[in-house]
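# when you get a sec, could you give me coordinates for this:
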Amino acid sequence: MNAPLSAPPASEQLKGGEPPHRRAPLWLLALLAFSGTLAMHVFVPALPVAQQDLGGGMAAMQLTISLYILGLAGGQLVYGPLADRFGRRPVLLAGLSLYTVAGLAAMLAPSVNALIAARLFQALGGCAGLVLARAIVRDTSAPADTTRRLALMNLMITVGPGAAPLVGGFLADAAGWRSIFIALTLLGVVNLLLTWRLLPETGRATEGAAIGLMESYGQLLRAPAFWGYAVGGGCATTSLYGFVAAAPFIFTGELHQPTASVGGYIALLVLGVWVGSMLASRLIACVSVGRLLVGANGVSVAAAFILLAVVLSDQLTVPLAIATVFIFSVGVGTAAPAALAEALSVNPRVAGSASGLYGAMQMAVGALCTALAGVGSDPALAAALVLAGSGIIAQAAFWIAGRPRRAAS
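Okay, the predicted model is just below:
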């Protein structure tokens, strides 16, 4: 469940319309962006195993996911201005170094608290690739070619959320949960070496870019409509992270499934997001963006309340859990592009900043939902309440955000 890739600020667009002579390899940029989100999903199936080894509670273990998401959210706001000021290459190398060292620290973590701290720094480092890969595509592409290259990079990145849980479940089952961080540390080393050898500096450092971006953020944060679409979009989409983080405890603890199977179940939920994205691309031709957004989230809300009713009646089974959350994730995939489009339309003059700020707020909501899903002793009930509650909040936020448009019509 990746957060949507946000467009970089206008200041990052190519001056003069001509790309530099040296192009950054697109496969390398995809790998850098993929690595940040991979580390979020790959550890999920190993949560129960790590909990037994380190002796922490379920809520503490889920902080290794929620704080990772929060780190990705904060990084989206920081790396853009830093890269505008100091250049892409040094900032990216610094972020990749942090990602690699934090992965090693997570592998050696003697306690839950140490693991939580290492995961937060791992997210802050991994976010560099996620953010700067987009900026480098803009730097090295002519305007007419930028959209095509970004779409191609997105296609490469979407492999991550589906494959990561399967890989994580296999590694945890075969070699223990620490083997996941050995693999992530090695990936960080590879990324550093490839970036050092193959990636040129593509940006132009400026003194005023960061200040201009902060002014754009201020304009957006003063717009109630942007708050509505950003908070509503987060509740409608990244609330799914709450169930993903609780899934290992639900399937292994309550439904008595083997650890290795959890990755497959989560991959099915990612498939639902893909199905929803395909539906959105077809429905947008015949339905307004606002109606598509509210309707898609309405489907998710209905699925969440069915899941809640099943849990409260003590009738939860593997097929029912998968079916209801799969339908929820289809609504997520359909609503995600609509929510982003509406948020960007609030102030088209700062669309790049709106995209970055939207992504940060979306991930922050996801981190909160993940933390709330770890409250209490019944993970299925907590996750169902999070999905249902966030769906209702999303509907209210979308209504508030669309009120000026309805009044104008």
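
# remind me which residues of the stretch 51-200 of the chain are low pLDDT?
Scanning the stretch 51-200 of the chain for pLDDT under 70 picks out 80, 84, 134, 138, 141-162.

# hmm, try it at 50
Along the stretch 51-200 of the chain, the parts satisfying pLDDT under 50 run over 147, 151.

# for it, which segments count as helices?
Assigned helices in the stretch 51-200 of the chain, in chain order: 58-86, 88-107, 112-139, 143-157, 159-175, 178-198 (criterion: DSSP state H, counting those that start in this stretch).

# just how off-centre is stretch 291-298 within its chain?
The chain centre lies 21 Å from the centre of stretch 291-298; the measure is C-alpha atoms, centre = their mean, to the nearest Å.

# shaky segments in the stretch 301-409 of the chain?
Where the stretch 301-409 of the chain drops to pLDDT under 50, the residues are 407-409.

# deepest of the helices of the stretch 51-200 of the chain, which one?
Highest mean neighbour count of these: helix 112-139, a mean of 25 (counted as mean count of other C-beta atoms under 10 Å). (Glycine included, C-beta is placed from N, CA and C.)

# could you list every helix and strand in contact with that one?
helix 26-42, helix 47-54, helix 58-86, helix 88-107, helix 143-157, helix 178-198 (3 or more C-beta pairs under 8 Å, 6 or more residues apart in numbering; DSSP states H and E).

# redo these as CSV? Include distance to residue 389.
Formatted as CSV, the helices and strands packed on helix 112-139 follow (distance: least, C-beta to C-beta, whole Å):
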stretch, distance to residue 389
helix 26-42, 22
helix 47-54, 22
helix 58-86, 16
helix 88-107, 31
helix 143-157, 30
helix 178-198, 31
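
# out of those, nearest to residue 265?
Nearest to residue 265 among those is helix 26-42 (12.7 Å), distances taken as C-beta to C-beta.

# for the closest one, which positions count as buried?
Within helix 26-42, the residues scored as buried using 16 or more other C-beta atoms under 10 Å are 26, 28-42.

# identify, from those, the entry nearest to residue 127.
Checking the buried residues of helix 26-42 against residue 127 by C-beta to C-beta gives residue 36 as the nearest, at 5.5 Å.

# host element of the nearest residue to residue 287 once chain neighbours are set aside?
Nearest non-adjacent residue to residue 287, counting by C-beta to C-beta, 6 or more residues apart in numbering: residue 295, 7.5 Å away. Element membership for residue 295, per DSSP states H and E: helix 289-312.

# do the same with residue 235
Assigned by DSSP H and E, residue 235 belongs to helix 224-237.

# wait, which of the helices and strands packed on helix 112-139 is closest to residue 301?
Nearest of those to residue 301, taken as C-beta to C-beta: helix 58-86 at 22.0 Å.

# quick one: that closest one to helix 26-42, angle?
Here the directions of helix 58-86 and helix 26-42 differ by 160 degrees (axes from the mean of the first three to the mean of the last three C-alpha atoms, to 10 degrees).

# would you check that residue 33 makes contact with residue 129?
Yes. Shown here, residue 33 and residue 129 form a contact pair, counting by C-beta atoms under 8 Å, at 5.2 Å.

# just the residues contacting the helix holding residue 235, thanks.
With contacts defined as C-beta atoms under 8 Å, 6 or more residues apart in numbering, helix 224-237 is touched by 1, 220-221, 293, 296-297, 300, 331-332, 335-336, 339-340, 342-343, 346-347, 354, 357-358, 361-366, 369, 390-391, 393-402, 404.

# just name whatever secondary elements the helix or strand following it is in contact with.
Downstream of helix 224-237, the first helix or strand assigned by DSSP H and E is helix 240-248. Judged by 3+ C-beta pairs under 8 Å, 6+ apart, helix 240-248 is in contact with helix 47-54, helix 58-86, helix 259-283, helix 318-345, helix 351-372, helix 379-408.

# could you rerun that using 6 Å?
With contacts taken as 3 or more C-beta pairs under 6 Å, 6 or more residues apart in numbering; DSSP states H and E, helix 240-248 sits against helix 259-283, helix 318-345, helix 351-372, helix 379-408.

# what's the most buried one of these?
Most buried of the helices and strands packed on helix 240-248, by mean neighbour count (mean count of other C-beta under 10 Å): helix 351-372, with a mean of 25.

# so what does it touch, helix or strand wise?
With contacts defined as 3+ C-beta pairs under 6 Å, 6+ apart, helix 351-372 has these neighbours: helix 58-86, helix 209-221, helix 224-237, helix 240-248, helix 318-345, helix 379-408.

# the inter-axis angle of that helix versus helix 379-408?
Relative orientation of helix 351-372 and helix 379-408, computed by the same axes, to 10 degrees: 150 degrees.

# how distant is helix 351-372 from the center of its chain?
8 Å.

# then that helix to PDB, C-alphas only?
Coordinates of the C-alpha atoms in helix 351-372 are reproduced here as PDB (Å, rounded to 0.1, in the frame of the first residue of the first chain):
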ATOM      1  CA  ALA A 351       0.200  21.800  -7.100                       C
ATOM      2  CA  GLY A 352       3.700  20.400  -6.600                       C
ATOM      3  CA  SER A 353       3.800  21.500  -2.900                       C
ATOM      4  CA  ALA A 354       0.200  20.300  -2.500                       C
ATOM      5  CA  SER A 355       1.200  16.800  -3.700                       C
ATOM      6  CA  GLY A 356       4.100  16.600  -1.200                       C
ATOM      7  CA  LEU A 357       2.100  17.900   1.700                       C
ATOM      8  CA  TYR A 358      -0.800  15.700   0.800                       C
ATOM      9  CA  GLY A 359       1.500  12.700   0.900                       C
ATOM     10  CA  ALA A 360       3.000  13.600   4.200                       C
ATOM     11  CA  MET A 361      -0.500  14.100   5.800                       C
ATOM     12  CA  GLN A 362      -1.700  10.900   4.300                       C
ATOM     13  CA  MET A 363       1.200   9.000   5.800                       C
ATOM     14  CA  ALA A 364       0.700  10.700   9.200                       C
ATOM     15  CA  VAL A 365      -2.900   9.500   9.200                       C
ATOM     16  CA  GLY A 366      -1.700   6.000   8.300                       C
ATOM     17  CA  ALA A 367       0.700   6.100  11.200                       C
ATOM     18  CA  LEU A 368      -2.100   7.100  13.600                       C
ATOM     19  CA  CYS A 369      -4.400   4.400  12.400                       C
ATOM     20  CA  THR A 370      -1.600   1.800  12.700                       C
ATOM     21  CA  ALA A 371      -1.000   2.900  16.300                       C
ATOM     22  CA  LEU A 372      -4.700   2.700  17.200                       C
END
